[in-house]
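Q: coords please:
(one chain, ligands or ions: 1)
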Amino acid sequence: MNSKRVRIFVLIVVFLLLVSVIYSGVNTNIKLLASIDRIYRDPYITIDVDEKKHINIINETNKAAHKYLEKIYYKKRDVSKYSYSKYKKENINHKIYKNIDNIIYETKNYIENEFKSYNELVNYSKRKKFIKHLNINVDNYDNSSDILNDLIDADKKKYDELLAYLEYLHSNKDKWYYVNKIIVCKDEETLKTIESKNRELNLDIKIVLESKDENVKKIPVLMYHGVSDVTWGIANLFMKVSDFEDQLKYIHDNYETIFVEEMDDFGSKKAVVLTFDDGYVDFYTNVLPLLKKYNIKANLYVIEGADGGVYLTKSQVKEIADSNLVSIGSHTKTHPTLTGLNSEQLDYELRESKKGLEKLIGKEVKTICYPTGAYNKKVLEYTSKYYDYGLAIENGVQKMYDDYNKLAIKRFRVYRNTSFSKFKSMVDQAN
Ligand SMILES: [Zn+2]
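A: Prediction:
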């Protein structure tokens, strides 16, 4: 090679090195933002009919993980002067336990291989008990599944600092919220603290004071299930008909109602969105007549595979759609917890329910409501292939920031025992 070629070669190598350094920084930041997002969103706090099943699986996972960990520790005991039981009681000395990363890595692989289809739960279990076992206190991180990955990739010091930062955010959760990749602080003191922590850690996260965001458009989205004086199953899911009518009157007198798919474009009017999950037959007998009486719009989420019984029949769904007061959305094909499905099943539930409903009603189905409110990154990714809007059940008013998450719209839960004043406090957040 002549010297000119050598120079060009060196320049290319330097350029590639720079790119990789910048890229790894960006990557850490994305992971961190994801953790903050999860801390804020608390996706695991949902009442789930499958809760018991989930807990059992988590326990089983924990048991297996503990067993495995113990095994490794006994095996590797000779590398340290601490016994396993002593280790359990004392803080880890990272210098002595240089093999800790190794153990975490091996264990992670073990659990992942063993429980592939329950990745979510595995993450949960790792955070809850398993890491605690290693004396690293991430007990607070119910929603931060990247912790273990960070632990493996990041160097120890950086990791501890990030952990302290996330711990601070978690324990001061009522003082800030996270939207649009921005941390919105509710008071100046929190703003200053988070700002200084960000500086210390050299993090590039946008932080603003809430007052600057007060004027953001807010749309209350209400979640109903049944409306019937006669109840079955979980009685609290059924509104009393007269209470429901009182609520409709109040909405009619004070607000505009819009469909979910109109949330982005309805002018400056104060708006409320009504949503109904599951498509029970009382929607046809009790809800639709009242919607007509008060000229109120609603989104109805139908389980495509259901037909009759406690559910609406196909012809009722068609008739409801033809009223033009109700926009039909998907509540999947068979109402599974989407986070527990493999890719093929997930795609099927999303795709086939849309297809079936569109064929039935002759209109495009643009919105979906996740059964039991459960979703994760993968569910959102697949959902975005078929739908424009997704409804979660995280409680609160939907704030209409420019790029709010259209696939995880927040909702207020309205139950049989929701008082009228509580209901008012929800809808009156519309601005
Ligand atoms: Zn449901």
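
Q: how about the residues of the stretch 151-300 of the chain near the ion?
A: Taking Cβ under 5 Å from the ion as the contact definition, the stretch 151-300 of the chain meets the ion at Asp277, Asp278. Where C-beta positions appear, they are placed from N, C-alpha and C, glycine not excepted.

Q: in the stretch 151-300 of the chain, which spans are strands?
A: Per DSSP state E, counting those that start in this stretch, the stretch 151-300 of the chain carries strands over the ranges 176-179, 182-185, 206-209, 218-219, 221-224, 226-227, 238-239, 256-257, 271-278, 298-302.

Q: Quick check: Leu391 touching Phe259?
A: No - applying Cβ atoms under 8 Å as the test, Leu391 and Phe259 come out as separate, 11.8 Å apart.

Q: what's the overlap in contacts for these two?
A: Asn299 (Cβ atoms under 8 Å, 6 or more residues apart in numbering).

Q: which one of the two has more residues nearby?
A: For the pair Leu391 and Phe259, the greater number of neighbours falls to Leu391 (28 against 21), based on other Cβ atoms under 10 Å.

Q: residues contacting the more buried one?
A: The contact partners of Leu391, taken as Cβ under 8 Å, 6+ apart, are 221, 223, 260, 275, 299, 301, 329, 367-370, 409, 411.

Q: Need these in CSV (columns: neighbour count and pLDDT).
A: CSV is the format used below for these (neighbours: other Cβ atoms under 10 Å; pLDDT from 0 to 100):
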residue, neighbour count, pLDDT
Val221, 23, 97
Met223, 23, 96
Val260, 28, 97
Thr275, 25, 98
Asn299, 23, 98
Tyr301, 26, 97
Gly329, 28, 98
Thr367, 24, 98
Ile368, 27, 98
Cys369, 28, 97
Tyr370, 26, 96
Ile409, 22, 94
Arg411, 24, 94
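
Q: Between the residues you listed, which sits nearest Pro336?
A: Tyr370 (10.2 Å; Cβ to Cβ).

Q: My understanding was that that closest one contacts Asn376; is that so?
A: No - here Tyr370 does not reach Asn376: they are 10.0 Å apart, not a contact under Cβ under 8 Å.

Q: what number of residues lie near the residue of the stretch 301-431 of the chain found nearest the ion?
A: Closest approach between the stretch 301-431 of the chain and the ion, counting by Cβ to the ion: Pro371, at 4.8 Å. When neighbours are defined as other Cβ under 10 Å, Pro371 has 23 of them.

Q: and if you look at the one 4 residues further on?
A: Neighbourhood size, Tyr375 [other Cβ under 10 Å]: 25.

Q: Ser419: which of the strands of the stretch 151-300 of the chain is closest?
A: Closest approach to Ser419 among the strands of the stretch 151-300 of the chain (Cβ to Cβ): strand 238-239, 12.3 Å.

Q: Could you pull up the mean pLDDT of that closest one?
A: On average, the pLDDT along strand 238-239 is 94.

Q: quick one on the thing from earlier: output the strands of the stretch 151-300 of the chain as JSON lines; include the columns distance to Ala321.
A: Below are those laid out as JSON lines (distance: least, Cβ to Cβ, whole Å):
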{"stretch": "strand 176-179", "distance to Ala321": "33"}
{"stretch": "strand 182-185", "distance to Ala321": "38"}
{"stretch": "strand 206-209", "distance to Ala321": "42"}
{"stretch": "strand 218-219", "distance to Ala321": "23"}
{"stretch": "strand 221-224", "distance to Ala321": "18"}
{"stretch": "strand 226-227", "distance to Ala321": "18"}
{"stretch": "strand 238-239", "distance to Ala321": "22"}
{"stretch": "strand 256-257", "distance to Ala321": "17"}
{"stretch": "strand 271-278", "distance to Ala321": "13"}
{"stretch": "strand 298-302", "distance to Ala321": "8"}
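
Q: The ones you listed: which one's closest to Ile12?
A: Checking these against Ile12 by Cβ to Cβ gives strand 206-209 as the closest, at 34.2 Å.

Q: Pull out the buried residues from the closest one.
A: For strand 206-209, the neighbour count (16 or more other Cβ atoms under 10 Å) marks Ile207 as buried.

Q: same question, stretch 230-237
A: Leu237.

Q: Comparing the strands of the stretch 151-300 of the chain, which yields the minimum mean pLDDT?
A: Among the strands of the stretch 151-300 of the chain, strand 176-179 carries the lowest mean pLDDT, at a mean of 76.

Q: Tell me the helices and strands packed up against that strand.
A: Contacts defined by 3 or more Cβ pairs under 8 Å, 6 or more residues apart in numbering; DSSP states H and E place strand 176-179 against helix 3-41, strand 182-185.

Q: Kindly recompute the last result at 10 Å.
A: helix 3-41, strand 182-185, helix 188-201 (3 or more Cβ pairs under 10 Å, 6 or more residues apart in numbering; DSSP states H and E).

Q: ok, back up a step: give the residues shared as contacts by Tyr370 and Asn376.
A: Leu338, Thr339 (Cβ atoms under 10 Å, 6 or more residues apart in numbering).

Q: wait, isn't Gly356 in contact with Glu304?
A: Yes - look at Gly356 against Glu304 with Cβ atoms under 10 Å: they come within range, at 4.4 Å.

Q: Looking at those two, which is more packed in?
A: Comparing Gly356 with Glu304 by other Cβ under 10 Å, the one with more neighbours is Glu304, at 26 against 17.

Q: just to revisit the earlier point, any common contacting residues for Gly356 and Glu304?
A: Shared contacts of Gly356 and Glu304, counting by Cβ under 10 Å, 6+ apart, come down to Lys314, Ser330, Lys333, Val365.

Q: Of the residues you listed - the most surrounded one?
A: Among the shared contacts of Gly356 and Glu304, Ser330 has the most neighbours (other Cβ under 10 Å), with 29 neighbours.
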